[in-house]
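Enquirer: Sequence first, predicted model second:
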Amino acid sequence: MLLRPASETQITHLGRLWLYILAALVMAFLILPVFIVIPMSFSDSRFLRFPPEGFSLRWYESYLRSPEWMRATWVSFKVALMTTALATPLGIAAAYGLHVSRVRFARLFTLALISPLVIPIIILGVGIFYLYVQLNMVNTITGLVLAHTILAMPFVVVTVSSGLQQYDLNQERAARSMGASRFTAFRTVTLPQIRGSIVAGALFAFITSLDEVVIALFISGGENTTLTRRMFTGLRDEIDPTIAAISSLLILLSLALLLILTFTSRNTR
């Protein structure tokens, strides 16, 4: 640890102490409210309370034994998996096509693809709802998957594009010069070298779909109600501690996916 500068322009760790403290405070402000939910999920009270007066697993048991919660969980995971399966190849194709394209307006196409990241989601939700009303797709799995794909595909495009920027396209050209088709060269040469970016994009797509609630409020319902929509309506109608238990499980799932992403990225360098 550097306590004294080795040169006149070098800043020591002690000189950066205020920056470390500020960073720690910002991280605590962002993270602590999330993890407060975890001890609340073990409360034995009928109401959300922190700190809990007693500890119990009753709310986890309530979640696992509830047909309504289980149905909503299955819908959310099914939609998230289908969204990932659809958004990932579409995002890969779009990122690759824009990367090798010599079209003059390729940048405009890129901006159009990632526009769902900057457009307020409530606006997308209203537009999708009125479109689905005309197409009779409200409260359908197909409608949820297509809507979530709109939100998830930009993440795949951005991550795969980043991977392609660090990849030497001449390797693929060399494979094609030896007789391989473009698809074969991409599948056997390019794809293995950007798999870390693809895995990252797929995980982002899965999490985006699983956590999405605004559009689900507009277009999901009945037998196809998502977990996040049911949690939102549960908070609105009655503060059920079961929601804290579900939130804790989702937090742990997100952390697990983050660890997988970190491990995958490290092994693909």
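Expert: Ah, there it is. Keep in mind it's a predicted model, so treat the numbers as computed, not measured.
Enquirer: Going by C-alpha atoms from here, please, whenever you check contacts or count neighbours.
Expert: OK.
Enquirer: longest single helix anywhere in the chain?
Expert: Counting by DSSP state H, the longest helix found in the chain is helix 67-100.
Enquirer: Against which helices or strands is it packed?
Expert: For helix 67-100, the packing partners by 3 or more CA pairs under 8 Å, 6 or more residues apart in numbering; DSSP states H and E come out as helix 58-64, helix 106-114, helix 141-165, helix 195-211, helix 227-237.
Enquirer: any chance of the ones you listed in CSV, plus distance to Val79?
Expert: Shown next, in CSV, are those (distance: least, CA to CA, whole Å):
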stretch, distance to Val79
helix 58-64, 20
helix 106-114, 21
helix 141-165, 6
helix 195-211, 7
helix 227-237, 11
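Enquirer: can you redo those helices as JSON lines with mean pLDDT?
Expert: Listed next are these as JSON lines, based on pLDDT from 0 to 100:
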{"stretch": "helix 58-64", "mean pLDDT": "84"}
{"stretch": "helix 106-114", "mean pLDDT": "80"}
{"stretch": "helix 141-165", "mean pLDDT": "90"}
{"stretch": "helix 195-211", "mean pLDDT": "88"}
{"stretch": "helix 227-237", "mean pLDDT": "80"}
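Enquirer: Can you say which of the ones you listed is nearest to His99?
Expert: helix 141-165 (7.1 Å; CA to CA).
Enquirer: Kindly reformat the helices and strands packed on helix 67-100 as a markdown table containing mean neighbour count and distance to Gly97.
Expert: Converted to a markdown table, the helices and strands packed on helix 67-100 look like this (neighbours: other CA atoms under 10 Å; distance: least, CA to CA, whole Å):
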| stretch | mean neighbour count | distance to Gly97 |
| --- | --- | --- |
| helix 58-64 | 17 | 45 |
| helix 106-114 | 14 | 9 |
| helix 141-165 | 23 | 10 |
| helix 195-211 | 23 | 15 |
| helix 227-237 | 17 | 34 |
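Enquirer: out of these, nearest to Ser248?
Expert: Among the helices and strands packed on helix 67-100, helix 58-64 comes nearest to Ser248, with 9.7 Å by CA to CA.
Enquirer: just how off-centre is the closest one within its chain?
Expert: Offset of helix 58-64 from its chain centre (CA atoms, centre = their mean, to the nearest Å): 26 Å.
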